[in-house]
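> A predicted structure for the sequence below; I have some questions about it.
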Protein chains: 2
Amino acid sequence: MSDKHVYRFNEGNKTMRELLGGKGANLAEMTSIGLPVPPGFTLTTEVCNYYSAHDGYPDGVEAQLEDALTALEADTGKTFGDAADPLLLSVRSGARASMPGMMDTILNLGLNDETVQGVIASTGNARFAYDCYRRFVSMYGDVVLGCKPESDDEGDVFEERLEAMKKAKGVTFDTELTADDLKELVAAFKAAVKERTGSDFPDDPRAQLWGAISAVFGSWGNDRAVAYRRMYDIPDDWVTAVNVQTMVYGNTGEESGTGVGFTRNPASGEKEFYGEFLVNAQGEDVVAGVRTPRPVSELKELWPQVYDELMEFQRTLEHEMRDMQDFEFTIERGRLFMLQTRNGKRTGLAAIRIAVDMADEGLIGHEEALMRIEPEQLNQLLRPIFDPDMKLKAVDEGRILAKGLPAGPGAATGRVVFSAQDAVAWAARGEKVLLVRDFTSPDDIRGMDVSQGILTQQGGMTSHAALVARQMGKVCIVGCGQMDVDLRGRIFKAGGSMVKEGDWISIDGFTGEVILGALETRPPEVLQVLLEKSIAQEDSESFRYYSEIMEWADKARTLGVRTNADQPDQSENAIAFGAEGIGLCRTEHMFFEGERIMSVREMILAESREAREAALAKLLPMQTGDFAGIFRAMGERPVTVRTLDPPLHEFLPHDAEDTAKTAAALGVSEDEVRTKVEDLHESNPMLGHRGCRLGIAFPEITAMQVRAILEAACLVKKEGQDVHPEIMIPLVGTKKELEHQAAIVRSVAADVFAEQGITVDYLVGTMIEIPRAALTADEIAEVAEFFSFGTNDLTQMTLGVSRDDAGKFLPLYTSEALEIWPADPFATLDQSGVGQLVEIGIERGRKTRPDLHVGICGEQGGDPETVKFCHRAGMDYVSCSPFRLPVARLAAAQAAIEESGELRLEK
Amino acid sequence: MSDKHVYRFNEGNKTMRELLGGKGANLAEMTSIGLPVPPGFTLTTEVCNYYSAHDGYPDGVEAQLEDALTALEADTGKTFGDAADPLLLSVRSGARASMPGMMDTILNLGLNDETVQGVIASTGNARFAYDCYRRFVSMYGDVVLGCKPESDDEGDVFEERLEAMKKAKGVTFDTELTADDLKELVAAFKAAVKERTGSDFPDDPRAQLWGAISAVFGSWGNDRAVAYRRMYDIPDDWVTAVNVQTMVYGNTGEESGTGVGFTRNPASGEKEFYGEFLVNAQGEDVVAGVRTPRPVSELKELWPQVYDELMEFQRTLEHEMRDMQDFEFTIERGRLFMLQTRNGKRTGLAAIRIAVDMADEGLIGHEEALMRIEPEQLNQLLRPIFDPDMKLKAVDEGRILAKGLPAGPGAATGRVVFSAQDAVAWAARGEKVLLVRDFTSPDDIRGMDVSQGILTQQGGMTSHAALVARQMGKVCIVGCGQMDVDLRGRIFKAGGSMVKEGDWISIDGFTGEVILGALETRPPEVLQVLLEKSIAQEDSESFRYYSEIMEWADKARTLGVRTNADQPDQSENAIAFGAEGIGLCRTEHMFFEGERIMSVREMILAESREAREAALAKLLPMQTGDFAGIFRAMGERPVTVRTLDPPLHEFLPHDAEDTAKTAAALGVSEDEVRTKVEDLHESNPMLGHRGCRLGIAFPEITAMQVRAILEAACLVKKEGQDVHPEIMIPLVGTKKELEHQAAIVRSVAADVFAEQGITVDYLVGTMIEIPRAALTADEIAEVAEFFSFGTNDLTQMTLGVSRDDAGKFLPLYTSEALEIWPADPFATLDQSGVGQLVEIGIERGRKTRPDLHVGICGEQGGDPETVKFCHRAGMDYVSCSPFRLPVARLAAAQAAIEESGELRLEK
């Protein structure tokens, strides 16, 4: 550590956050740019570190503090502890990141029975002096001497005495107490301290000052501060500094005041100064909300010169700080002081707008603008939202029935149906429906597609319903255990209400709230421009912000973005959102379309290879058509198609009606169908007969799918458009499995190209989704031309957690109380566990094949933290659902910017 | 490579296997110890390597071969290619390991139309000479010139001509053909060669010799040889040598003969010479089985001097070779020649007996004896077996119904029952029952316990049934897909028969055969000595062999052996088998005993913590009693107890009857029971709410179990016996989980010790069974005092394979055709995949905690290859089911011996 422990405000600047804390650096910066900051000095974070480790101070601190104090006395013309005109101080903590729970502020430090007389003498206002004094004693007593009640049961010793005094004097408000009352209160407060702590209240100003400083440094380790750092991933060694500053007073009378200001609107982001103030008040009065502050515009009338100064100061401030500022000011007897400033908190919408505007104004660069936006905030531009007034009304009326996991953001309203079939039927006659289920299965896709939103009692953030919903851009709430769905009775119960089929409900996919009744929604403009094209680009302000961010992000990022899409229309949406290819096309999602499911079932029920091939032959033209559609939609972009993955039982009927229908359609007995269902039953289908294990047991299935992909590719290429199919084999755990399947691919490809008289460039690769595959990636890369990390399954297996069942303990595991997992590992990649396997897989794969193309296609591919991890791990691309693409593009840009320079997303 | 390519037999010895091949080295050894070996020389394996790489010979081979040939001519007084008294040769391959499918033997090389006259002249036997000649031409034509039919459809050109000749001459046997007939046949054979290959048969003896040598070297790469090497893990660079040897003839007439001998009985291992011979025959006649050979004892009468020589030679041979030898001999006109020798193949029983006897005789050391026994062969001493005659009869009568996976070795006979309850009921009235199921669940334990054996249609080698059966020492066949079980109908169909409840069947757990009818079994003596104590140690020869091996193994091994046992009686058995502690005690297995399952269900159905604790309080004394029993049985040995692991739904009723019983017993409605069953249902229970996730959701369960363990420990310690409990937390994936559970353990321990007024040394550790745990073992070891690798679950997750469902594709995956997995990964640890995680886990764990105690408790812990891996990986112990302990002890000894020296288990 350096020998310099104390910095006067005019010795520092805003770049010294690490040493001086955020507040100290900003005070120094304001001082250095000439703003009227009450003078003071900062004890550095290094002192705090030393104090934490040694429970004492490094050599030289005392002397340096005395020097700084002497300088302060010279600046102000006052003397600390002087009985005639005492210097009074504030002592504030100032961590690198602001942090609730830490000892925050001691005001009026330096007062005692002698110096209070000096204040009375210099201000001529005894009431003011004693008011300061009693505030100081109680504040100091609470936070430095530990008189603050530790639980709600305990009374506040100062509050009790204040109330007793008001009662005794027959008054209602503090302000009605006289100077003598307050003087009496000071004595009572000090007696309370003595009673509580067994020691006298310290009258020596220097003892007060050191007590306050030590209290700040000590509070770094208190429970609330520690908990906060955990919650927001703030490193424990981002310690605090202490700022000691000359007091100025907004409460000396009607010629004084105090206020707060935002350099731009923190809610909308609009470029307009936004502030409030109170006459004859201290800063805490504005925040406390006891008195209603006045809009700063009124200052113009009241004190025009102060107003003009304030306007000029805030412009200077924002310009110098290069971000929207939230600052405090005080007017002491007509003189304006800037007390502290910090980057202002803002809504997502405001964050976007401010960042883009500032970049457009030339205040910051494009990259810096990108680093000002949390990627998830982009969703605020991309999702329908409820009309805010109607939502508020619903809350007031107690119509919030339950809260589940917000799996698909947005706002949806519709009439409740309890089955996918009903959803299709009701929608067909023009109803807006909302599908409510215990859980959903792949059968339900068409029903989900026609619904406004999906609400399920079970499942986690990456359950089938959630996954499909996000891919479709549907609003979705899952795992809503507070409701009780009775599918047969066609009702659900929640929040004391019973909701029947046909009733209107609304679901808020941002918050997970289930709301009784219909709420109006507003579609986001960006979607109306991009997808519906119902608004022209130039008419939408949101679109301008969106497209500027995306343009800058695309320029900054090096990581590619692809999408998970199974249908031509999904592919088109994805391209609108910036997809550079398809990273995962699940062929089996096509199996449920129309009547083809019967051909699939015929194939499964086949008892011989010949019968199986006959059924597959019926599927071939349908799959070929699907793939051709996707190739046409995607143009020359690469399209990664995964061969059949789910266990075959997923395609068989689940109820009596469907069993009967299937038996009739295929000309077999219902018993045969039921027997096959039983035969294929698995205890743990997740770890069962699926993925390439199917293609190995039934090579003809792989052969048919490869033929469909490559015939479609030839067809589209003949139409004049080049195509780049990538054939991906799922669930590979050993090189031999991939060899087996790759041999089929190569052989079918040779046949198809010979038949078609044209060849197509294609790749054969594999999912890395089994831990063993990552561990033996060097061997697998001998065969694989690309890897795609299937982090859904990889997470399930590496953590030993079924995502369909995790709902039972996931809330407990991610709870603040336990925090066993920092986040849902199916939403954000578990970097320290699963991430190790990803890194091992990439490193070993590239050792064998240096040009190995590597991506991720798990659900986490759209999560910002995961995208950044993928960038750092050296992947070529991430693939996510179409509606997550903007988030992924921004996160990828941030990852590149973070890697290349000093910029970092602020927490 | 060295410059010396050709070694005369008197230049080598048995240590030169690598250079001269097994056969060449042994021929050299026999020559060097003075046995009468027909002289010859060996082309080295280095020549083969060169030939494989260059398709030609290194410089100097020809000259060296000519030198060796000249020496041979000098030794024999004959000349190669001489028309008067020609030297005739055999050419044989001689790989380091013997290998079917390789070109094996060419005899009588050097014959042509000229030299055959010399043979006639020197032997005076034209028929003999032409018989040699026609055999040579056909043999050479087949294997060197490629005339051998490539498929069964193709006719053998030589066989066809021979048959035509016999038909033409009107004779039945080859021996009836005259010298002229055979001469004619030689011409016909040569014409066939010309017809088939387009080239003349080579008459030049040197061309013949080089052709034969090249054919041997070339055959190294043929399909059958390659497949064989794959199958037996023989490295591809263990190439072959070629042996060229002077011909001697056992077929010159009634004064000649040929035979084979074993220096000890290869079936029983008894120390008695065992051999057979034929008069006037070639070696191949003995092997071909066309003529029935005579026992060698008859030689004593026939040619007493030859017999005495043979006895002396075989004693010398075994003494010098230090292992049981399988050798060939030929008597040419009364003179005995030793042709070749090798270590004799033998049964498991013989392997054990020979190894122990030879060590007792001082012929080999104890460690060498241990390396002569495949650990699995020990089972032949430890399992009941079927009476061999009755088994043979059943085969003859076609009573083998089906074949499944041999999961629990041994032989069992009983009457078929189809439910665990029936098994208990029938057994209670004195019936011997055999439990037949589709699969088994933990409910079935009592039924399994009273059954002679268990036969299931589904499941793999590590399915529940297999696992429990092995632990109980039960005979068990699983995954018997060839049978069709109808539980409701109480029948099963297999092999065209229908077997009803009460019918007698027998199952062979060594082979997986299901046999109709009762077969008598023989209990192994070792068990009768060790467990039943119905035979005195000194009266059992088997036991002597067993105990000597175990004594030597225990002396050699450094790896500890523990057992997986849940009950006091299992613990006692395990100690008899050498257990040094319990590596895994599954507390939940006790939950099914008697009426306690109802207390377990009461706990699960409880809706509040209080109600749960009340139910747990009922279980506490029962669990305490169980643990006390185990501690008493195990003495001072460490006992590792795992806290509750399976998902709670496993303890709930599965059928209507049990549901009703449970509802009645607990005073709740059947609906409540059903609802709880539905609530707890999981899609993938393997990856569900189980292991420490239960203990974290319901800390009171962990607390109760820890209390039971430690109260029992205090109780037993007060009885005067020290105890060493190790408390093991299952399914830990992150350090925080273990911290949470360890805190409960420590807190309960403090309470119990305070209450009991005594303390007990105990450890807290964890299973490493989730990939993430292995990857973050460094963090987990900050809390864990020991690791136990749960390789059942670790294999399931690392490979993404559910062991309960793997039966669907495991046979395909381990089939010779695909060989995706070299072995069932649940039986033998997947060293290249799962093994990596084990090594990572140990390395990282010990980095944090150098003295970390590490073991394995998965089913693979009793597999020899896995035991050796565990030794190499640096584990402290393996834990396996009691009946696998002898195998584990021997394998551990072999691992230590392999590590320390030159000895290696021969493949």
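Arrived safely, thanks for sending. In this text the structure is predicted, and so the values were computed from the model without any measurement. Numbers count the residues shown, from 1 in each chain, chains lettered A, B, ... in the order given.
> Find the closest residue to chain B in the stretch 301-450 of chain A.
Closest to chain B within the stretch 301-450 of chain A is A:Phe439: 9.1 Å, counting by Cβ to the nearest Cβ. Heads up, the C-betas are built off the backbone N, CA and C, glycines and all.
> Is that residue in contact with A:Leu455, as I believe?
No: judged on Cβ atoms under 8 Å, A:Phe439 makes no contact with A:Leu455 at a distance of 11.0 Å.
> Tell me which of these two has more neighbours.
Shown here are A:Phe439 and A:Leu455; by other Cβ atoms under 10 Å in any protein chain shown, A:Leu455 has more neighbours (30 against 18).
> what sits against the more buried one?
Going by Cβ atoms under 8 Å, 6 or more residues apart in numbering or on different chains, A:Leu455 touches A:404, A:434-437, A:476-478, A:480, A:483, A:505, A:507, A:514.
> can you tell me the helix or strand for it?
strand A:453-456 (DSSP states H and E).
> So which bits of that strand are buried?
By neighbour count with 16 or more other Cβ atoms under 10 Å in any protein chain shown, strand A:453-456 contains the buried residues A:Gly453, A:Ile454, A:Leu455, A:Thr456.
> Mind jotting down where the helices sit in the stretch 701-850 of chain A?
In the stretch 701-850 of chain A, the helices defined using DSSP state H, counting those that start in this stretch lie at A:735-756, A:771-775, A:777-780, A:791-799, A:810-813, A:834-848.
> Now A:Glu580: closest residue in space that isn't a chain neighbour?
Leaving aside its chain neighbours, A:Glu580 sits nearest to A:Gly560 (5.3 Å; criterion: Cβ to Cβ, 6 or more residues apart in numbering or on different chains).
> center of chain A - which residue?
Closest to where the C-alpha atoms of chain A average out (Cα atoms, centre = their mean) is A:Glu376, at 5.5 Å.
> and the gap between that one and A:Met390?
24 Å (Cβ to Cβ, to the nearest Å).
> One more: A:Asn222?
Relative to A:Met390, A:Asn222 is positioned 42 Å away (criterion: Cβ to Cβ).
> ok, now A:Glu541?
23 Å.
> Settle it for me: which of those two has more neighbours?
Neighbour comparison, A:Glu541 and A:Met390: the larger count goes to A:Met390, with 17 against 10 (by other Cβ under 10 Å).
> Quick check, the more buried one in contact with A:Leu519.
Yes: with contact defined as Cβ under 8 Å, A:Met390 reaches A:Leu519; the gap is 4.9 Å.
> ranges for the strands of the stretch 501-650 of chain A?
All strands of the stretch 501-650 of chain A, identified by DSSP state E, counting those that start in this stretch, fall at A:504-508, A:513-516, A:521-522, A:560-564, A:582-586, A:638-642.
> and the second one, which strands flank it?
Right, strand A:513-516. Applying DSSP bridges, strand A:513-516 is found paired with strand A:400-403 (antiparallel), strand A:504-508 (antiparallel).
> wait, what's in contact with A:Trp821?
A:Leu810, A:Tyr813, A:Thr814, A:Asp830, B:Thr734.
> A:Met550 too?
A:Gly578, A:Pro886, A:Arg889, A:Leu890.
> ok, and which of those residues reach chain B?
Applying Cβ under 8 Å from any Cβ of the partner chain to the contacts of A:Met550, one finds that nothing falls near chain B.
> Am I right that A:Ile477 is in a strand?
Yes: membership of A:Ile477 in a strand is supported by DSSP: H, G, I helix; E, B strand; the rest coil.
> Just give me the neighbour total for the nearest residue to it once chain neighbours are set aside.
Of all residues not flanking A:Ile477 in the chain, A:Gly404 sits nearest, at 4.2 Å (Cβ to Cβ, 6+ apart). Number of residues near A:Gly404 (other Cβ under 10 Å) recorded here: 26.
> Wait, A:Gly404 touches A:Val514, no?
Yes: counting by Cβ under 8 Å, A:Val514 is a contact partner of A:Gly404 at 6.8 Å.
> Now the common contact residues for these two.
Joint contacts of A:Gly404 and A:Val514 (Cβ under 8 Å, 6+ apart) are A:Leu455, A:Ile477, A:Cys480, A:Met483.
> Near the second one, how many residues? Count them for me, please.
Other residues within reach of A:Ile477, judged by other Cβ under 10 Å, total 31.
> would TSV of the buried residues of strand A:453-456 with pLDDT and distance to B:Asn265 be doable?
Shown next, in TSV, are the buried residues of strand A:453-456 (pLDDT from 0 to 100; distance: Cβ to Cβ, whole Å):
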residue	pLDDT	distance to B:Asn265
A:Gly453	93	80
A:Ile454	93	75
A:Leu455	95	77
A:Thr456	91	71
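> Would you mind confirming that A:Asn379 is in contact with A:Val887?
Yes: the pair formed by A:Asn379 and A:Val887 meets the contact definition of Cβ under 8 Å, at 7.0 Å.
> Between these two, which is the more surrounded one?
Taking other Cβ under 10 Å, A:Asn379 and A:Val887 do not tie; A:Val887 has more neighbours (23 against 20).
> Quickly note the distance from that one to chain B.
Here the criterion is Cβ to the nearest Cβ, to the nearest Å. By it, A:Val887 lies 27 Å from chain B.
> Model confidence at A:Gly473, what's the number?
Looking at A:Gly473, its pLDDT is 69.
> cool, and A:Val144?
For A:Val144, pLDDT reads 91.
> now do A:Leu381
pLDDT, A:Leu381: 83.
> do the same with A:Phe883
Model confidence at A:Phe883 (pLDDT) stands at 88.
> what's the burial count for A:Ala71?
For A:Ala71, the neighbour count with other Cβ under 10 Å is 15.
> Nearest spatial neighbour of it, chain-adjacent residues omitted?
Leaving out its chain neighbours, the residue that sits closest to A:Ala71 by Cβ to Cβ, 6+ apart is A:Arg8, at 6.0 Å.
> Let me see the contact set for that neighbour.
Shown in contact with A:Arg8 (Cβ under 8 Å, 6+ apart): A:Pro39, A:Gly40, A:Phe41, A:Ala68, A:Ala71, A:Leu72.
> As a check, name the ranges of all helices in the stretch 151-300 of chain A.
A:157-169, A:179-197, A:205-219, A:223-231, A:283-288, A:297-302.
> got the buried residues for the last one?
Judged by neighbour count (16+ other Cβ under 10 Å), helix A:297-302 contains these buried residues: A:Leu299.
> Would you mark the buried spots in stretch A:251-270?
A:251-253, A:256-266, A:269.
> so who does A:Val450 touch?
A:Val450 sits next to A:Ala423, A:Val424, A:Ala427, A:Ala428, A:Val433 when contact means Cβ under 8 Å, 6+ apart.
> what's A:Arg92 sitting at in phi/psi?
For A:Arg92, the backbone dihedrals (degrees, to the nearest 10) come out as phi -130, psi 140.
> in the stretch 301-450 of chain A, which spans are helices?
Per DSSP H, counting those that start in this stretch, the stretch 301-450 of chain A carries helices over the ranges A:304-321, A:348-360, A:366-371, A:379-382, A:388-396, A:420-428, A:445-449.
> hey, C-alpha coordinates of the shortest one in CSV?
These are the backbone C-alpha positions of helix A:379-382, laid out as CSV (Å, rounded to 0.1, in the frame of the first residue of the first chain):
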residue,chain,number,x,y,z
ASN,A,379,-36.5,-7.1,-23.6
GLN,A,380,-38.3,-3.9,-22.6
LEU,A,381,-38.2,-3.0,-26.3
LEU,A,382,-39.2,-6.4,-27.5
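> Which elements pack onto that helix?
In this structure, helix A:379-382 packs against helix A:348-360, helix A:525-530, helix A:541-556, helix A:885-900, with contacts taken as 3 or more Cβ pairs under 8 Å, 6 or more residues apart in numbering or on different chains; DSSP states H and E.
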